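Novice: Give me coordinates for this.
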Amino acid sequence: MPVPDFGELENLLARTSASWKAGANDVTRLDDSTRHGLLGVTIDRQALAEINARPRIASIVVGLPSQVDWRDVNGRSHVSPVKDQGQCGSCVSFCTAASIESAVSIATGDTVDLSEADLHFCSAHGAGCGGWWPADAIGEANRRGVPLEELFPYGQAFENGAPVCRIDPHRDDRLYRPGGAAELTTMSDRKQWLAMRGPVCAVIHVYDDFFALKSGDVYRHVTGDHAGYHCIEVIGYSDVDQCWIAKNSWGTTWGDSGFFRIGYGECGIDETSTDRDPDGSVNHFPMYGIDGVQVPGGWRGFQLSGPDSAARSAPIAAVSRVPNSMELWFVGADGSIQDRFWYDCGQWQGFELAPPGSASPNGGIAAVSRIPNSMELWWIGAAGSVEAAFWYEGGQWARYQLAPPGSASTSAGITAVSRIPNSMEVWWIGAAGSVEAAFWYEGGQWTRYGLAPAGSASTGGAIAAVSRIPQSMELWWIGADGSIQDNYWYEGGQWQRFMLDPPGSAALGGAIAASSRIPQSMEIFWTGADGSIQDNYWYEGGQWQRFMLDPPGSAALGGAIAAVTRIPQSMELWWTGADGSIQDNYWYEGAPWQRFTLAPAGSASADGGIGAVSRIPNSMETWWVGATGALQDSYWYP
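Specialist: Okay, the predicted model is just below:
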């Protein structure tokens with residue numbers, strides 16, 4: 001059937017409660033057959049019935065915003081520009097690519113333009129304009145990856161009007177892959193995903209009046225026959241206006257410059273719909289979220305928090321309690337404790353954990369996740385107390401004071417380990433250069449003790465610890481004379497202390513990082529008194545072996561060091577260069593250490609912190625305090 005007469009349609013809209021506007025556009029100017037050919041969703045009715053028959057848990061998510069629009073999140077858009085699928089039923093690939101583009105933007109801050117032609121014409125779908133289903137398209141994008149538009153532009157995918165597949169020789173060099181398709185079948189699922197994770201793919205039943213949508217209020221079907229089914233990107237919702245906010249792929253002359261709003265329950269878009277197919281089947285279409293996204297290999301970076309969000313000398317602590325999440329903490333410019341957290345495919349979010357004046361801007365911060373559903377954090381208070389906060393899944397952060405004012409040096413470090421799931425241990429430098437400790441076992445109270453007497457440690461130095469096996473812990477700190485001190489413990493025994501490296505080995509205000517990549521080995525790194533990076537490693541049954549990893553002048557004397565081991569055969573180390581750069585040095589078993597500059601001179605605060613995690617074996621992420629007090633983020637995928 002043709003598009004309804006515009007005059008009749010406007011009169012009808014005026015007589016109904018619908019307030020959207022109709023008008024001519026590039027789609028209404030097409031002939032009926034071509035116009036209906038734009039609708040490229042193929043529905044497996046049996047599969048859809050099985051989806052809709054699955055048990056659903058009725059739930060109301062508390063605390064969701066009343067409106068979400070990913071075109072404006074703190075002044076930034078995570079929605080790519082409106083595109084035009086042309087005279088082809090490739091809408092599923094367009095909405096899928098759009099949702100992946102949004103996921104990349106949310107996760108990384110990068111704006112990418114992906115090739116719908118590659119996804120639609122070179123995948124299992126085949127080189128044709130026939131229909132598809134969003135979950136299948138996302139599955140193909142996961143299997144093959146999607147290259148950039150420039151490697152196969154959509155406009156070059158047609159020969160004599162027929163689509164073809166072209167594979168660029170560099171196609172596989174830079175691929176973007178969704179982790180999978182999250183099937184969202186309830187209003188609460190959809191809204192929670194949109195509020196917390198990002199835009200989604202959605203299917204709607206299209207009637208002839210939809211083609212003429214121009215602008216105005218929320219679209220609600222008023223007239224016209226069945227035309228087909230279409231895939232769109234839902235980019236938000238409004239409870240105030242009772243609608244979903246969406247992006248189409250019919251160019252900018254259609255709708256509100258290519259965008260539109262559609263009422264809750266309209267045209268099969270959600271489970272509240274009463275819409276039916278001409279054969280009588282009920283239309284309740286799931287939405288599909290992009291469940292994680294993998295970006296091309298190499299290091300990439302972005303600014304996580306703006307200038308002056310962190311104290312220039314702020315320490316950073318980070319954990320990954322589960323593979324699809326990271327959380328980090330730093331001291332704000334006002335002495336607050338700031339928290340930033342991320343879940344796979346979602347955007348980074350933040351909040352203030354402790355108010356201004358809570359922390360020493362020069363003191364340490366440490367965190368552990370002893371079990372997947374809990375995290376604990378410690379920091380040096382402004383008056384030399386040791387402050388703490390803990391979190392259990394489903395609850396709120398709770399604070400307590402571990403040690404009173406005057407207990408800790410306000411310019412030295414703190415470190416912690418959880419050697420077994422039901423225990424934690426924390427160490428810090430005392431105000432008089434002692435080394436203090438506190439331990440906790442589940443069901444008990446924190447117990448404090450002195451590990452090393454006053455004068456043992458530099459009151460401006462760092463401290464680091466690892467637990468290489470459940471029955472052992474090892475601790476290192478910078479001595480008051482610039483030595484490296486080592487203290488180790490085995491279950492059933494006493495702490496044993498020795499001097500690992502002689503006086504003058506370390507910068508008094510320098511950093512230490514430690515790693516245990518395998519149970520039979522430990523390695524520590526520190527800033528030498530001459531600005532070198534020093535390394536000392538140990539294998540079970542052998543002696544400690546020291547060498548200079550990077551020469552004098554390589555590191556800022558008051559700068560930070562962070563290390564991770566993402567796989568047992570590798571370690572990676574980052575530190576602040578003497579010129580304010582961020583330096584990276586990595587090692588693979590059987591090969592020498594390799595160094596490169598991760599961020600150029602002037603990027604980092606000379607005495608600011610660095611934090612790092614490896615949440616999954618093929619990824620690393622590091623954060624540091626920028627020269628302007630911004631918090632910078634760099635991440636890597638192979």
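
Novice: Against which helices or strands is the single longest helix found in the chain packed?
Specialist: For the chain, the longest helix by residue count, based on DSSP state H, is helix 91-108. Judged by 3 or more C-beta pairs under 8 Å, 6 or more residues apart in numbering; DSSP states H and E, helix 91-108 is in contact with helix 116-121, helix 134-144, strand 177-178, strand 200-207, strand 226-238, strand 287-290, strand 293-294. Where C-beta positions appear, they are placed from N, C-alpha and C, glycine not excepted.

Novice: mind listing what's buried in it?
Specialist: 91-108 (16 or more other C-beta atoms under 10 Å).

Novice: Residue 539: which of the helices and strands packed on helix 91-108 is closest?
Specialist: For the helices and strands packed on helix 91-108, proximity to residue 539 was assessed by C-beta to C-beta; strand 293-294 is nearest, at 34.6 Å.

Novice: Quick check: can you name the pairing partners of that closest one and their directions?
Specialist: strand 177-178 (antiparallel) (DSSP bridges).

Novice: Show me where the stretch 251-400 of the chain dips below the pLDDT cut-off.
Specialist: In the predicted model of the stretch 251-400 of the chain, residues 345 satisfy pLDDT under 70.

Novice: quick one: the helices in it?
Specialist: With DSSP state H, counting those that start in this stretch, there are no helices along the stretch 251-400 of the chain.

Novice: Tell me which stretches of the stretch 351-500 of the chain form strands.
Specialist: Per DSSP state E, counting those that start in this stretch, the stretch 351-500 of the chain carries strands over the ranges 365-368, 374-380, 386-392, 398-403, 414-417, 423-429, 435-441, 447-452, 463-466, 472-478, 484-490, 496-501.

Novice: Let me fix that, I meant to ask about the stretch 1-150 of the chain.
Specialist: Counting by DSSP E, counting those that start in this stretch, the stretch 1-150 of the chain has strands at residues 20-22, 67-69.

Novice: Could I get the average pLDDT for the first one?
Specialist: Strand 20-22 comes out with an average pLDDT of 89.

Novice: Next: stretch 440-456.
Specialist: 97.

Novice: Okay, buried residues for that stretch please.
Specialist: Under the neighbour-count criterion of 16+ other C-beta under 10 Å, stretch 440-456 has 440, 446, 451-452, 456 buried.

Novice: can you redo those as a markdown table with distance to residue 15?
Specialist: Formatted as a markdown table, the buried residues of stretch 440-456 follow (distance: C-beta to C-beta, whole Å):
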| residue | distance to residue 15 |
| --- | --- |
| 440 | 71 |
| 446 | 72 |
| 451 | 82 |
| 452 | 85 |
| 456 | 86 |
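
Novice: Could you single out the nearest of these to residue 227?
Specialist: Checking those against residue 227 with C-beta to C-beta, the nearest one is residue 440 at 64.9 Å.

Novice: thinking again about what came up before, the strands of the stretch 351-500 of the chain: which one's closest to residue 604?
Specialist: Judging the strands of the stretch 351-500 of the chain by C-beta to C-beta, what sits closest to residue 604 is strand 365-368, at 17.2 Å.

Novice: Other residues contacting that closest one?
Specialist: 315-319, 327, 329-331, 337, 359, 375-380, 413-418, 424, 426, 609 (C-beta atoms under 8 Å, 6 or more residues apart in numbering).

Novice: Narrow the residues you listed to just the buried residues.
Specialist: For the contacts of strand 365-368, a neighbour count by 16+ other C-beta under 10 Å gives the buried set as 315-319, 327, 329-331, 337, 359, 375-380, 413-418, 424, 426, 609.

Novice: So which bits of stretch 150-162 are buried?
Specialist: Residues of stretch 150-162 classed as buried under the neighbour-count rule (16+ other C-beta under 10 Å) are 151-152, 154, 157-158.

Novice: so for stretch 47-58, what's the average pLDDT?
Specialist: For stretch 47-58, the mean pLDDT works out to 79.

Novice: Can I get it as CSV, trimmed to CA atoms?
Specialist: Extracted C-alpha coordinates of stretch 47-58, given in CSV (Å, rounded to 0.1, in the frame of the first residue of the first chain):
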residue,chain,number,x,y,z
ALA,A,47,12.2,-18.9,17.9
LEU,A,48,10.5,-15.7,18.9
ALA,A,49,7.7,-17.7,20.6
GLU,A,50,10.3,-19.7,22.5
ILE,A,51,12.0,-16.4,23.7
ASN,A,52,8.7,-15.0,24.8
ALA,A,53,7.7,-18.2,26.6
ARG,A,54,10.8,-18.2,28.8
PRO,A,55,10.0,-17.5,32.5
ARG,A,56,10.6,-13.9,33.4
ILE,A,57,11.2,-12.6,36.9
ALA,A,58,9.1,-9.5,37.5
